[in-house]
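Asker: I would like to see how this sequence folds:
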Amino acid sequence: MTKIYGIDWSRNNENEIITCSQDQLVKFWDISQPRTCQATIVTNSPVWRARFTPFGNGVLTMPQRKDNDLLLWSCDNPTAPVYSFHGHTDVPREFVWRIKGGLDPDVGGNSKGCNFAIRRLAG
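Answerer: Predicted coordinates:
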């Protein structure tokens, strides 16, 4: 049994959630079939946070240690990240989404090293 660090609801499917954990996995679950994992993202570090994107069909993951990058994954093909957000000088501790009037969204995050970075996702 491994420690689960976070849970997030899908914005596209009311029955879908993801969990992230110490075992370096993000798992997709259908709450109508709670005993069966629907899909898995395998990362290189324990996953402190995993959240569905507020647009499209993606997931952003934040490592607990070993890595300083936030990784964007496609839910349609979760075998490798589609984008890596670089810029933190230490392990990230939190991230948030900002969407302004339908314009390109931003993702902001702070790290253990007390720096804050904002990255724009250009469409």
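Asker: at which residues are the helices of the protein located?
Answerer: Per DSSP state H, the chain carries no helices over any range.
Asker: where does the prediction get shaky in it?
Answerer: Low-confidence segments of the chain, defined by pLDDT under 70: 1, 68, 86-123.
Asker: run the last query once more with 80
Answerer: Scanning the chain for pLDDT under 80 picks out the ranges 1-2, 55, 64-69, 84-123.
Asker: how many other residues sit next to residue 80?
Answerer: Residues lying near residue 80 (other CB atoms under 10 Å) number 10. To be clear about C-beta, it is placed using only N, CA and C from the backbone, and glycine gets the same treatment.
Asker: can you check residue 29 too?
Answerer: Here the number of neighbours of residue 29 (other CB under 10 Å) works out to 19.
Asker: gap between the closest residue to it other than its chain neighbours and residue 33?
Answerer: Nearest residue to residue 29, sequence neighbours excluded (CB to CB, 6 or more residues apart in numbering): residue 17, at 5.1 Å. Distance of residue 17 to residue 33, computed by CB to CB, to the nearest Å: 12 Å.
Asker: same question, residue 5
Answerer: 23 Å.
Asker: related to what we said a few turns ago, more neighbours: which of residue 17 and residue 33?
Answerer: Neighbours were counted for residue 17 and for residue 33 using other CB under 10 Å; residue 17 has more, 18 against 10.
Asker: which residues touch that one?
Answerer: Applying CB atoms under 8 Å, 6 or more residues apart in numbering, we find residue 17 in contact with 7-10, 28-29, 31.
Asker: wait, isn't residue 72 in contact with residue 80?
Answerer: No: the criterion here is CB atoms under 8 Å, and residue 72 misses it with residue 80 at 10.8 Å.
Asker: pull up the overlap in contacts between the two.
Answerer: With CB under 8 Å, 6+ apart, residue 72 and residue 80 have no common neighbours.
Asker: what's around the closest residue to residue 75 other than its chain neighbours, how many residues?
Answerer: Residue nearest to residue 75 in three dimensions, not counting chain neighbours: residue 57, with 4.5 Å by CB to CB, 6+ apart. Counted with other CB under 10 Å, residues neighbouring residue 57 total 14.
Asker: hang on, isn't residue 57 packed against residue 12?
Answerer: Yes: contact criterion CB under 8 Å: residue 57 and residue 12 qualify, at 6.2 Å.
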